[in-house]
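Novice: Next input, structure requested:
(one chain, ligands or ions: 2)
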Amino acid sequence: MIKPDAVANQHTGKIIDDILGAGFKIIAMKYVHLSDAMAEGFYAVHRERPFFKDLVSFMTSGPIVAAILEKDNAVEDFRKLIGATNPANAEEGTIRKKYAKSIDANAIHGSDSNENAEIEGNYFFSQFERF
Ligand code: ATP
Ligand code: MG
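Specialist: Ligands and ions are numbered 1, 2, ... in the order given. Modelled structure (predicted):
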């Protein structure tokens, strides 16, 4: 998911370019402004964390781009491509290093396991939206 900060700062095209350049295939993609309920559901695992309220308010602050991507070893390779959660710790050349400003506004989300990739893909896309 390309987060609201990166969409608002017009980084969407460059980020999609980076993703395709790294060998990912786009299976489905949509541009959408999340409701509070959608954002709370997406990040439900973080419900008890102190930053949850700020996270939801950030994720609903503007439109996002959600996508299902395909590649061998996709989860691990995508986490490598996006870099550390806090862009201050992200490696040179990663998406968060290039386009993120803070740990809150960190430009992009990547699934952290195959299981969560399945759940998150289903959260955004019906079976009719995948090719
Ligand atoms: P994401 O799930 O968005 O890809 P991540 O897997 O790198 O990010 P998580 O631990 O899942 O990191 O946290 C989810 C999001 O919550 C982070 O992207 C970040 O924006 C926010 N977050 C995480 N830790 C903190 C923190 N200590 N302070 C503020 N925000 C945080
Ligand atoms: Mg995460």
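Novice: Please report how far the nearest residue to residue 90 once chain neighbours are set aside lies from residue 92.
Specialist: In this structure, residue 90 finds its nearest non-sequential neighbour in residue 83, 3.1 Å apart by CB to CB, 6 or more residues apart in numbering. From N, CA and C alone the C-beta is placed, and that goes for glycine too. To residue 92, residue 83 is 9 Å away according to CB to CB, to the nearest Å.
Novice: Settle it for me: which of the two has more neighbours?
Specialist: Higher neighbour count among residue 83 and residue 92: residue 83, with 24 against 7, using other CB atoms under 10 Å.
Novice: And that one, its phi and psi?
Specialist: Per-residue torsions, residue 83: phi 90, psi -180 (degrees, to the nearest 10).
Novice: Tell me if I'm right that it and residue 94 touch.
Specialist: Yes - between residue 83 and residue 94 there is a contact under CB atoms under 8 Å: 2.8 Å.
Novice: show me the contacts for the closest residue to residue 70 other than its chain neighbours.
Specialist: The shortest distance from residue 70 to any non-neighbouring residue, by CB to CB, 6+ apart, is to residue 25 (4.5 Å). Contact analysis of residue 25 by CB atoms under 8 Å, 6 or more residues apart in numbering lists 69-71.
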